[in-house]
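Student: let's see this in three dimensions:
(3 chains)
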Amino acid sequence: MARHVLRTVAQYGAVLLAAMCLNFALPRLAPGDAIDFILPPEQAGSLTPAQRTAILHRFGLDEPLPQQFAHYLSRLAHGDLMVSVRYGRPVTSLLWERVGWTLLLVGGSLVISTVVGAALGFRSAWRRGTSADTGAMGVMMFLDSLPPFFVGMLLLLVFSVGLHWFPSYGALGTSGAGGLRGVGEGLKRSVLPIVTLTIAGLGPMYLVARSALVSELAEDYVLTAEAKGLDDREVRRHAARNALLPVSTVSLVGLGTLVGGAAVVETVFSYPGLGRLIYESVLARDYPVIQGAFLVLIVTVVLANLLNDLVYPLLDPRVRRSGQ
Amino acid sequence: MFRRVVASLFCLGLAASLLASPSAAQNQAGTKTVRVAIKGFENNITPFTVGFGALPATNDIQHMVYDSLFWSQVKANPEPWLARSADTSDGGRTWDVTLRDDVKWHDGVPFTADDVAFSFDYYKKQAGSSGRYSHHVFDTPSYDHAEIQDPHHLRMFFSQPAPQFKIMPGGDLPIVAKHIYENVADPAKMTTQLPVGTGPFKLTEIVPDQRYKLVANKDYFKGAPEIDELDLVVIKDPGSAFTGLRTGDVDMVERTVPPELVNQLDNTPGINVAKSSRFESTQLYFNARKPPLSDPKLRKAISMGMDLDALVKTVMLGHARVGRDSYLHPDSPWAIPGGGHEHDAAGAAKMLDDAGYTAKDPDGVRKAPDGKRLEFSVLVSSFEPTDIRSMQLVASQLQPLGVKLNVETLDPATLRQRRAAQTGGIPAYDMYVSSIESHAHVDPDALYYFFHSPGPKGFGGTITGYTNPEFDKLVEEATGKEAAQRKALLAQAQGILAKEVPLQVLYYPDGLYAYRTAAYSGWAADPGHGIFTKRSFLNGYADLKVANASSASSATSKAKENGAPVGAIVGIVLVCAVALLGVGLLMRRRQGPPEPEE
Amino acid sequence: MTLADTDPARLADAAPHGPAGAPVPDRARRHGRRTGGTGRSLGAVGAVLLGICVAAAVFAPVLASHSPRAVSGEPFARPSPGHPLGTNDVGQDLFAQLVHGARLSLVIALGAALLAVVVGTAVAVVAGYYRGPAEVVLMRLVDLMLGFPFLVLVIVLAAFFGRGLGTTIAVIGAVLWARPARILRSQVIKLREQAHVVAARSMGARGPRVIARHIVPRIAPLTAAQFVRAANVAVMLEASLSFLGLGDPNRVSWGTMLYFANARSAFLTDAWKWWVLPPGLALTTVILGLAFIGTAVEEWADPRLRRSAARPVRRSAGVKRLPAVPGAPALEVTGLEIEYRLGRSSVRAVDGVDLEVGRGRLLGLVGESGSGKTTIALAVSGVLRPPGRVLAGDMRLGGRPVGRPARPALAPYRGRDVALVPQAAQNALNPAWPVLRQVVEAARLTRPEGEAVARSRELLERVGLDRSRHDAYPHELSGGMRQRALIAMALVNEPDLLVADEPASGLDVVTRAQVLKLLLELRDELDVGILMVSHDLPTVARVADDLAVMYQGKIVERGPAGEVSRSPQHPYTRSLFDAFPDLTGERKPLAPAEQ
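Tutor: A predicted model of the protein is given here:
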C-alpha cells in the first residue's frame, strides 16, 4: 500500500515537472511581445530600443531563454512567481486574490451539482423506464447542451435586468467587503454565476449517477438485499453506497475542468476569478501571470487526481484492504 | 433523500438572500455616493503605476487624486490650479511659477515649491521607464532644472523654448509629493500603497481588479467636492457595465455609450445621456514606408475612395463626426479651421489611372506599375467590433476602385507585434486600425510626435513611417512658437497631411455618457474629458453643467423595458417545453405499452 | 458536457476495481431486458435534430434569400418579411447568417472530432497494446489533459496560433484527444488478452498486423461513439471561443453571431430575441442532437449499456402478514405460470408447475439452464423482476394463503418466512459493508437492534464463521465463507422455507460438500423446508429428500430422491445423470431429451 502511494506520488510528480516545462515554453511560442501591452500604443510605438530593453529587463524578459528558464525554476522553488507585467505586482498576490472567488463559484457549483445531480440521477435510475426518468433525462441533456455563456446571459437578462433580483456584475458590492452585510452581498452576487455553472455541471453528474446506479441495481447483492426483506429505501441505499464511487471520481476530477468553464462565466458576470485572469493575461501576454495561473491549475488537477487515487480506497473497501 | 436535499438548498438560498437584503444601492444616511463603472483596473493609480486598462479615462481618474499646475491640457489657455500664475519673459525658456499657498497633501503635509521641482526632476529621472508623462519632461518640451525662490515661488528652466508650458506639461503632469517619493528608486514597484495627492478625492480603498473607493477631500483648496464618496467599480465588459446602469447597480458608466444604445438609454426613465467629447478618434494607418503604399497618391486615392459618411451612418449610427483628412480633432485648439473628408470615387479612380495603376487582374484588382497587386491586409483588433465592421465596409467601398482589403482580426498583443515586425528594415504590415484619445489631439506637439520623420531621439516616424522634409520643418519650427504662430504653422502641416494621408481618421465618436440623474446630476461636460472628470464634482463650473432634461420618461418606454424579460421567460419556457415534449413523446412511443405493475 | 466526463466507460476505467467495470454476471443479464429501447429512440431524436441542422447547412443558399455577408438592409433592423430575423449591426441578414453558420459549426465539429479520434486511437493502441513505460507516460499525460480545463487550453492555443479555420480545428482537436485515448485504451487492453489475439501473438504475428487485423476493427464501434462525443464538445468549444472574441469575426458562424450580438449590446435591447436566441438555440440543437446520437452509438457499441430493464415503482402493498398454520408444509404451489416479455413477444418460462416442500425436508429442483428452475426460485422468494411476470398460480407458505406469488403478495413474508440463498456469485454480498452488518440488517426485521446483533453473531458462528471474521468485508472471505454468510443471513429469521439457488456451484469439491452438509444440518435443527435449485442432478440427488426434474418450463419427473436416482423414468432425467460423471467416471456428452 505504501509503495503504491509512493509510486503514484512519484508518477504525478514527474507529470508536474513535465507540465512546468511545457508551461514555461508555451507562452513564449506565441507571437506578440509583452511590452506591446504594457504601454498604450502611441507610446509602445515610440519607445527607443534602450527604453524597451529597460522595461523588459524589469520583468526579466530580456535574458536568453535558458537563463529565463533557470530563473523560472529557481524562483519557483522559492515560491516566487515573479511580477505581473501588466500590473507590476507579484503574481502570487494576484492569484491569491482571485483563487478565493473562483473557489466560491467552482466549489459552490460543484457541491450543488454533485448533490443535486447525484440525487436526481439516483432517482432516475431507480425509476428508469418511467416517464419521470425519461423526462428528467431529457431535461438534463437539454441543460447540458446549453452553452454556459448563453445560459449566463439569459439569467442576467431575466433575473438582473428584468426582475432586479440580483446584481449584474462583480463579486463585491459597492458598500464594501467587510461585515455580515459584505458577506451577504458577496453571496448574493455569486448566485447567478453559481447557478450558471451548476446548470453546466448538473447534466454530466446526473448522467454519471444514473448510469452508475443502473449498473449497481443489476448486481446480485441488490437481489440479496431484496430477498432478505429490506424495504425499497434500504435496498436503494445498498446500491447507492456503491454508485457513489464513480460520482466522487467525476466530482473530484471535474474540479479542474470547472475552473476552465468558469472563465466564460466569469466573463459574462464580470467576476474577478482565476479563469478571467488567465483569459486576460493570455491576451496581454502577461507571461508571469499565465505561468503562475497554469501552475495553480496543474497542481490542482494533479492533486485532484492524486486525491482521487488515494481517496478511492477509503470509499471502496475492496481496494483498501487488498492493498494493490 | 432528494426532498431533504432540495429543502436544505432552498433554505441556504433563502438565508443568503436574507443576509444580503439590505441592498447595496441604498446609501447610508447622509453620505452622498456616486458609483461609476470604469473599464479597467489601474493599480493604485499613481502616475508611475497606472496600467492604462481604463483608457481613455485613466488621466481623469488620476486627476481625482492628483493635481497639475494648470487644468487642463485641452484648452489653449488652461485654468490655474496648483499654480496661481506662470509667466515667461524670454519666449518660454524660463518660467516663473507662483503656487497657491493654501494647498495640503492628503496626509496633511503642506504643498510647496519643493514638491513641484522634485516632481519635474523625478519624472525626468524616470525617463527610461515610460509612464505617460515622462516624455513631456525630457523630450518636448525639455525641462532642465528649477530654482526655488520661496515655498510658493519657483523658476523653471527649459533647454529649448517651451511657450506652451501651461498646457504641456503644466496642464497635464500630476505633481507628486516629495516626502513620499524622495527615497523611492523605482516608483513602478509601489503598486499597492494608497497614493497621496492634493486632489479633490482621497483614495481610501483598493480591491484589486474590482473597485476603488475615493472619499472627498473636504479641505480641498477649490472647495469641498459636492459628493462624499466616489465608488469606482471595474466592469470590463461593456455590456455588463450598461446592464449595471440599467439595473441601478451603478450610477454612471465612464465609457462612451455604444451608438446602438443611445436611444434606448436616453429613453429609459431616470437615465440621461450627455454629450461631451473626449476627442477620441479612430483611424486607419497606412504603412508609408512599404511600396506601393509609400506612394502618397495611392494613399490619397484610397482615402478618396472611402465614404466616411456611410461609415458614420452605418457603424456609428450617426453618433460620430466624419473623420478629417487633416487628422486633428475638429475641437482641438490646434485643428485647421474647416477641413473635412474628400470623398470622390471617380476622382480616386482617375488619380490611380494617372499615377500608373492601370493594369488590372481578372478579379478587378489593380496592379502597381511594378506589377504588385493593390491587395492589402488591414489589421484590426478582434475586441473592437466597430473597427471590424468599419473595415468590412471600407473594403467593400474600395472594391470598385480596384483596391482589395483583407480584414485580419487579431488580439491586441498580436496586433502590436505585427505592427512592429519588420522585413527588409521596414515594418511589414500594410494597414491597421486603432483609436486614440484627447491627449494625442490636444498636445501642441502631437503632430511632431506622430508624423515627424525619425529625429535625433528616435521619436516620431515610427507610427506610420511617414516622411516629408517640408512637414518636418513646419512641426519642428512650431515647437518653439507662441500659440498664434504655432497654430498657423500647424495648419500648414495639416494641409500636407490631408494631401498625403499617412493615416485616415475614420470618425470622431460623439462622446456620449450615460448616468442616473437621481444619484448625481451635477455632471460637467468638460471638453476633452467627457463628463467623468474632476470639474464635475467641484463648485463654480455652472457653465459646463449638462442639462438633466431626462427625455421621454413616458409610460410606453417603461412598459417596453419590462416587456423584454417577461417575453424572455415565456419564450424560453415555451421552447424548452416544446423540445421536452417532443423528446418525451418520441421516447414513450418507442417503449411499447407500459408494463403492468407487478 | 464541456465540464465533466459523463462516459460510463471512462468511469469503469477510472475505477479499476469499481463495480461498473466488473463483468456483468449472467444473472444480471438474465433479468435485464435486452432491447435497444432508450438508446434507439434517443438516437432517432438526435438524428432528427442534427438532420435539421445538416439540411440548413446544405440548403443554406436556397433557404436564405440574401448572402450572409452582403449588406442587405439597414443596420439593427427588426424582423420583417424581407429579413425574417432582422439584420445585424451592419445590415447583414441574420437569417442568412444563421443557416450559413450551420456549415461552419458542422465543419469544425467534424474536423476537430476526426483529429481527436485519430490521435486518441493512436495513443490508445500504443499505450494499450505495447504497454510498458510508454503507457505510463502517455496515460499520465492523458490524466493531466483530462483534468486540465481544456477551455483554458483552447483559449491559450487559439490566442497564440491564430484564427484560421484549419488552426481552429487543430487547436480544438488537440485538446480533445485525451478522452478517446483513455476509453479506447482500456478496450485495447481487454482485447489484447483475448484468446485469439494471444494466439495470434504467440504464433509470431507482428504488432502492427495484430493491431490492424484484431484490435482496430474491434474498437471501431467505441471509436465511433467517441467521435460523436468529440464532435459534440467541439461545437461548444468553437462557440465559446468565438464568443470570447478568439474566433475569426470574418467567418459566418453561430459563435461569431453571438460575439457581435454581445459586443453590439443586443442583450440590452430587444434585439436579443432575434439576434441571440436563434444562434443560441441552433447551437443547443446541434449539441443535443449529437449527445443523443452519442448515447445511442454508445449503447450500440457496448451491449452492457443496453440493459434498460424497466423497473416498476414498487409500493408496499399493504398486505398483512398472517401466522403460519402448524403442521402445514413449508411450501405448496399449484399451477404456477411465469412468462418473460421481451419487446412484443413473450416466452413462457414456467408452464403449470406444482410443487410441495415439506417442513424439515429438502426438495431438489433440477434442470438445465433455461429450464425455468431459477425463475421459480425467484418467484417463490418474492423477488422475480420484470420482465418476468407471474401469470397464475396459487401459493401457500407454511400454510398461509399467499395467492398468486407476485412481489406485493410476498412482501410481508420476504426475509421473514421465506429466504433466499442466492447463487454463490462474487457479488451476492454488498462489497461495501462487513458481513455482520449485512446479517444484522436482516435480523433487525424481527427483533430489536441489540438482540439482532447477538443473534447474527450466533448464527454466523453456527455456520462456521469465526468471530474474528464477522467484521470482514466480503472480498476478504473465501467463496465458501461467503456462501456460509449468505446462509446465515437467510436463516437468521428462522423462515419456514429456504430457497437455495445453486448454493454450491462455483465452489471446490471439498467446500461444496461442507456447504451442503451445513444445509442439511440446519434443515434438521430449524425444521425448515428447503427448495434447492441446481443443474447438478447427481450431487443434489445425494442430499435431497425429494427430487423434481424440470424441462422446458414443466416438471417432467418427481419423487423421493432415492427412487428417482435409482430408476429415472424420463429420458431427460437419465441424460442428466449421465452428463455428470462421478469424480471417477468419464464425462459423456449431454444427450438432447427426446420426448
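Student: if we ignore the residues flanking it in sequence, what's nearest the spatially most central residue of chain B?
Tutor: Closest residue to the average C-alpha location of chain B: B:P56 at 2.5 Å, with CA atoms, centre = their mean. In space, B:P56 comes closest to B:E437 once its chain neighbours are excluded; the distance is 3.4 Å by CB to CB, 6 or more residues apart in numbering or on different chains. No exception for glycine: its C-beta is placed from N, CA and C like everyone else's.
Student: need the contact list for C:S105.
Tutor: C:C53, C:V235, C:E238, C:A239, C:S253, C:W254, C:G255, C:A282, C:L283, C:V286 (CB atoms under 8 Å, 6 or more residues apart in numbering or on different chains).
Student: wait, I meant A:L213
Tutor: A:L213 neighbours (CB under 8 Å, 6+ apart): A:G121, A:F122, A:A125, A:W126, A:A239, A:A240, A:A243.
Student: the closest residue to it other than its chain neighbours: what's it in contact with?
Tutor: Sequence neighbours aside, A:A125 is the residue nearest to A:L213 in space, at 3.6 Å (criterion: CB to CB, 6+ apart). Applying CB under 8 Å, 6+ apart to A:A125 gives the contacts A:D133, A:A209, A:R210, A:S211, A:A212, A:L213, A:V214, A:L217, A:A243.
Student: ok, now C:V71?
Tutor: Contacts for C:V71 were tallied using CB under 8 Å, 6+ apart; they are B:T314, B:L393, B:S396, C:V90, C:G91, C:Q92.
Student: now those as CSV including neighbour count and pLDDT?
Tutor: Listed next are the contacts of C:V71 as CSV, based on neighbours: other CB atoms under 10 Å in any protein chain shown; pLDDT from 0 to 100:
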residue, neighbour count, pLDDT
B:T314, 21, 92
B:L393, 22, 93
B:S396, 16, 93
C:V90, 23, 88
C:G91, 20, 90
C:Q92, 24, 92
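Student: of the residues you listed, closest to A:P148?
Tutor: Nearest to A:P148 among those: C:Q92, at 26.7 Å, using CB to CB.
Student: what's near enough to touch the closest one?
Tutor: C:H66, C:P68, C:R69, C:A70, C:V71, C:S72.
Student: tell me the phi and psi of it?
Tutor: Main-chain torsions, C:Q92, degrees, to the nearest 10: phi -80, psi 150.
Student: any idea what it is bridged to?
Tutor: C:V71 (DSSP bridges).
Student: all strands for chain C, in order.
Tutor: C:331-342, C:345-357, C:362-366, C:388-397, C:400-403, C:418-421, C:497-501, C:529-534, C:546-551, C:554-560 (DSSP state E).
Student: between which two of the contacts of A:L213 is the distance greatest?
Tutor: It's A:G121 and A:A239 that sit farthest apart of these, by CB to CB, at 12.1 Å.
Student: so what's the residue lying closest to C:T256 once chain neighbours are set aside up against?
Tutor: Residue nearest to C:T256 in three dimensions, not counting chain neighbours: C:S242, with 5.0 Å by CB to CB, 6+ apart. Neighbour list for C:S242: C:D248, C:R251, C:S253, C:W254, C:G255, C:T256, C:L258, C:Y259 [criterion: CB under 8 Å, 6+ apart].
Student: right, and the helix or strand after the helix or strand encompassing A:L105?
Tutor: According to DSSP states H and E, A:L105 maps onto helix A:91-126. Where DSSP H and E defines the elements, the next helix or strand beyond helix A:91-126 is helix A:131-145.
Student: filter the contacts of A:L213 to the buried ones?
Tutor: Buried members of the contacts of A:L213, scored by 16 or more other CB atoms under 10 Å in any protein chain shown, are A:G121, A:F122, A:A125, A:W126, A:A239, A:A240, A:A243.
Student: make a markdown table out of those residues and add pLDDT and distance to C:I376.
Tutor: As requested, these are exported to a markdown table (pLDDT from 0 to 100; distance: CB to CB, whole Å):
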| residue | pLDDT | distance to C:I376 |
| --- | --- | --- |
| A:G121 | 90 | 35 |
| A:F122 | 89 | 32 |
| A:A125 | 85 | 28 |
| A:W126 | 82 | 27 |
| A:A239 | 87 | 25 |
| A:A240 | 87 | 30 |
| A:A243 | 86 | 31 |
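Student: can you put those residues in JSON lines and add distance to C:V533?
Tutor: JSON lines is the format used below for these (distance: CB to CB, whole Å):
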{"residue": "A:G121", "distance to C:V533": "35"}
{"residue": "A:F122", "distance to C:V533": "32"}
{"residue": "A:A125", "distance to C:V533": "29"}
{"residue": "A:W126", "distance to C:V533": "29"}
{"residue": "A:A239", "distance to C:V533": "25"}
{"residue": "A:A240", "distance to C:V533": "30"}
{"residue": "A:A243", "distance to C:V533": "30"}
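Student: ok, the nearest residue to C:A263 once chain neighbours are set aside to chain A distance?
Tutor: Using CB to CB, 6+ apart and skipping residues adjacent in sequence, the residue nearest C:A263 is B:P385, 3.9 Å away. Distance, B:P385 to chain A, by CB to the nearest CB, to the nearest Å: 15 Å.
Student: now do the same for B:P385: its pLDDT.
Tutor: pLDDT recorded at B:P385 is 89.
Student: wait, it sits on C:R264?
Tutor: Yes. The criterion here is CB atoms under 8 Å, and B:P385 meets it with C:R264 at 5.9 Å.
Student: now the common contact residues for these two.
Tutor: C:D89.
Student: quick one: low-confidence parts of chain A?
Tutor: Applying pLDDT under 70 to chain A flags the ranges A:1, A:26-52, A:55, A:58-60, A:173-180, A:318-324.
Student: stretch B:421-431 and chain C in contact?
Tutor: No. Against chain C, stretch B:421-431 shows no contacts by CB under 8 Å from any CB of the partner chain, the least distance being 14.2 Å.
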